[in-house]
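Asker: compute the structure for the input listed below.
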Amino acid sequence: MKRLLLAYLIIQVFLILYWSDWLIMPLSMITLFFRANPSAIFTIVPLILFGLTYFTQGWTRRFVLFAAIISLVALPFLYFYSLSIGSMPIKVIKLKKLPDLYGIYRLIPLQTAYAYALDRIQIPTHTIYFSESYVYYNGTSPIYNWLIEPEGLNIFIYGPLGAVFVRGDRYPPVVRVVKEKLVWGLHNIRLTPLYADTLAFELVLRGAFGKELVFEDNMQVLYKGKIITIIPLVDYKIIFLGTMPYVRGFYIVYPNGTINFVESLHLEYKIPILPEKVARDWLERLRYRNWIQAVFFHNTFQIRDVGTNPQPYLLLDKNGNMWWAFVAEPPGNTYAAYKIFLINASSTKPTVYEYDLERPQIGISKVKSYITKAHPNWAWDELRVQEPMPVIVNGTIYWKVAITTSDGRGLVSIDFLNAKNGEVKSYLVKGKVTAHDLMEFLLSKQKISTKNVTVDELLKIIEKLKQELNKLEQLVKELR
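Answerer: From the prediction side, this is the model:
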């Protein structure tokens, strides 16, 4: 009986070690946690003090108990203080003028791209995962990308069988499926006699121990006809009681399983070398730079998210430079936009550009209500307002939103909400549409309000209005 029990315990220990890669992965995660949150070590202080109350008596016990309660209450404030310390290396530059930013290039939302990509996967053992897409640009065309991954028990049998790329600047979207057998994906597991091998374990063995592998910001790129996967590696600079995340480099995973580590990327695509997660972390720390004002007087800002694709959005300026764009609102029940933050996606320097709006404008939280009000007769229980993202042209801020069917497959309208006056301009999608069409539509609308308009420009505007009136008349007939 004792031998059976001993054998059972040995098997259990072996299974634990086998599936935890001999405890290397759990130890890596614990190390990462304390490197990213060094102030967490102070959570043991209240526990120690509460424990000491059992070994003390009288006034000593009361004093220890009082100290334990004070330390417990102080822990949340210690957390905010650590964020404040972590924000100190971030340089903030005030902008006097807003640059032009074209969220208009991202015509179709992520859910629509995913729906079209999923329809092209005709492999019963494989699928694509919504949350594992990232975006980069080929020229001015945003490219959504997914690995075709095994699902269910197939993760033990198959590797990825290629990738799918969706061009996001036109509708219907252009979908390209590239089939190629890949050794490593984000989900497949290769069983060996000693351990269950995964891509994460392979990367930890190659220098990622105690560091953060940003799998949610991974990218698939066609490079010299081959699919490569790029995974950012983030480390933390420890500043007493606080930390600052920074980009350590990138792992390049090739189809044959070869893995290389590079500190910077040099590809023909416009790929953000500053991961979205790091940009968001910098802003969250910046919120508490003056932590006393932020915590006790709410004198800070808040980054709110709407829908399934949170802020920031990767946008291009008129020179083709990439920026992570945030539109911030005050905390609490105030939903007006009053700050815009921009972070250069092509640089890893902790620099944030801040623009203070002279007057409060419509924030991201209220975009949907303005859009639904502009179309009171639409069946909103069957439609969705997707991805409000800023379009800045000549200092005017528009919220560009995509109105889709509930499943995301049908693009009904592209609406532009003027953040200053609440005016909504709708581009009804009746067939093919490109980002260039939307740009012409938006700019032509702007020309109506200009003071110095030539006769030729006026004739063009009138002709454009006639075409739009014809479309509206046709729409009214269809509605009747």
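
Asker: tell me what Pro150 is bridged to.
Answerer: Note on Pro150: beta-bridge partners by DSSP bridges are His126.

Asker: surely it is in contact with Lys181?
Answerer: No - Pro150 is beyond contact range of Lys181, at 11.8 Å (criterion: Cβ atoms under 8 Å). For glycine as for every other residue, the C-beta is placed from the backbone atoms N, C-alpha and C.

Asker: can I assume Leu65 is in contact with Tyr54?
Answerer: No - counting by Cβ under 8 Å, Leu65 sits too far from Tyr54 to count as a contact (10.7 Å).

Asker: looking at the two, which is more packed in?
Answerer: More crowded of Leu65 and Tyr54, by other Cβ atoms under 10 Å: Leu65, with 15 against 9.

Asker: can you confirm that one is in a helix?
Answerer: Yes - per DSSP: H, G, I helix; E, B strand; the rest coil, Leu65 lies within a helix segment.

Asker: tell me the contacts of Arg287?
Answerer: Counting by Cβ atoms under 8 Å, 6 or more residues apart in numbering, Arg287 makes contact with 83, 294, 300-303.

Asker: out of those residues, which are inside helices?
Answerer: 83, 294 (DSSP state H).

Asker: restricted to buried residues, select the contacts of Arg287 in PyMOL.
Answerer: Of these, the buried ones go into a single PyMOL selection, burial set by 16 or more other Cβ atoms under 10 Å:
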select buried, resi 83+294+300+301+302+303
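
Asker: what's the closest of the contacts of Arg287 to Leu49?
Answerer: Checking those against Leu49 by Cβ to Cβ gives Leu83 as the nearest, at 24.7 Å.

Asker: nearest residue to that closest one other than its sequence neighbours?
Answerer: Tyr288 (4.1 Å; Cβ to Cβ, 6 or more residues apart in numbering).

Asker: as CSV, the contacts of Arg287 with distance to Val352 and pLDDT would be great.
Answerer: Listed next are the contacts of Arg287 as CSV, based on distance: Cβ to Cβ, whole Å; pLDDT from 0 to 100:
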residue, distance to Val352, pLDDT
Leu83, 15, 95
Ala294, 16, 93
Thr300, 14, 94
Phe301, 12, 95
Gln302, 16, 93
Ile303, 12, 94
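
Asker: want to throw the contacts of Arg287 into a markdown table with distance to Ile48?
Answerer: Listed next are the contacts of Arg287 as a markdown table, based on distance: Cβ to Cβ, whole Å:
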| residue | distance to Ile48 |
| --- | --- |
| Leu83 | 25 |
| Ala294 | 30 |
| Thr300 | 33 |
| Phe301 | 37 |
| Gln302 | 35 |
| Ile303 | 36 |
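
Asker: what's the closest of the contacts of Arg287 to Asp281?
Answerer: Closest to Asp281 out of these is Leu83 (9.9 Å), distances taken as Cβ to Cβ.

Asker: check contacts around that closest one.
Answerer: Residues in contact with Leu83, defined by Cβ under 8 Å, 6+ apart, are 242, 284-285, 287-288, 291.

Asker: which of the residues you listed sit farthest apart?
Answerer: Greatest spatial distance among the contacts of Leu83 (Cβ to Cβ): Gly242 and Arg287, at 13.6 Å.

Asker: filter the contacts of Leu83 down to the buried ones.
Answerer: 242, 285, 287-288, 291.

Asker: kindly indicate which of these lies nearest Ile252.
Answerer: When those are compared for distance to Ile252 (Cβ to Cβ), Arg285 wins out at 29.0 Å.

Asker: please name the nearest non-neighbouring residue to that closest one.
Answerer: Leaving aside its sequence neighbours, Arg285 sits nearest to Ser87 (Cβ to Cβ, 6+ apart; 4.0 Å).

Asker: same thing with Tyr254?
Answerer: Spatial nearest neighbour of Tyr254, excluding adjacent residues (Cβ to Cβ, 6+ apart): Ile228 at 5.8 Å.

Asker: returning to what we had before: doesn't the residue nearest to Leu83 lie inside a helix?
Answerer: No - Tyr288 sits outside any helix when classified using three-state DSSP, being coil.

Asker: quick check, Ile148 in contact with Tyr158.
Answerer: No - contact criterion Cβ under 8 Å: Ile148 and Tyr158 do not qualify, at 9.9 Å.

Asker: between these two, which contacts overlap?
Answerer: Shared contacts of Ile148 and Tyr158, defined by Cβ under 8 Å, 6+ apart, are found at His126.

Asker: looking at these two, which one has more neighbours?
Answerer: Comparing Ile148 with Tyr158 by other Cβ under 10 Å, the one with more neighbours is Ile148, at 27 against 19.

Asker: which ones are touching that one?
Answerer: 121, 123, 126-128, 160-164, 177, 179.

Asker: swap in 10 Å and give it another go.
Answerer: Contacts here follow Cβ atoms under 10 Å, 6 or more residues apart in numbering; on that basis Ile148 touches 117, 120-121, 123, 125-128, 158-164, 177-180, 182, 185, 220, 227.

Asker: over to Phe201?
Answerer: Here Phe201 is in contact with 20-22, 24-25, 28, 189-190, 195, 208 (Cβ under 10 Å, 6+ apart).

Asker: same question for Ile364.
Answerer: 303-307, 311, 326-329, 335, 337, 388-390, 399, 401, 419.

Asker: likewise for Met389?
Answerer: By Cβ under 10 Å, 6+ apart, the contact set of Met389 is 101, 103-104, 106, 109, 306, 309, 311-315, 325, 327, 364, 367, 398-402.

Asker: look up phi and psi at the nearest residue to Leu161 once chain neighbours are set aside.
Answerer: Using Cβ to Cβ, 6+ apart and skipping the chain neighbours, the partner closest in space to Leu161 is Ile148 (5.0 Å). Main-chain torsions, Ile148, degrees, to the nearest 10: phi -90, psi 100.

Asker: how close does Ile148 get to Ile157?
Answerer: 15 Å (Cβ to Cβ, to the nearest Å).

Asker: Thr404 now?
Answerer: Noted for Thr404: a distance of 36 Å to Ile157, by Cβ to Cβ.

Asker: more neighbours: which of the two?
Answerer: Thr404 (24 against 13).

Asker: touching both of Gly242 and Arg287, which residues are there?
Answerer: Common neighbours of Gly242 and Arg287 (Cβ under 10 Å, 6+ apart) are 83-84, 87.

Asker: now these in JSON lines, with distance to Tyr236?
Answerer: Shown next, in JSON lines, are the shared contacts of Gly242 and Arg287 (distance: Cβ to Cβ, whole Å):
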{"residue": "Leu83", "distance to Tyr236": "13"}
{"residue": "Ser84", "distance to Tyr236": "16"}
{"residue": "Ser87", "distance to Tyr236": "14"}
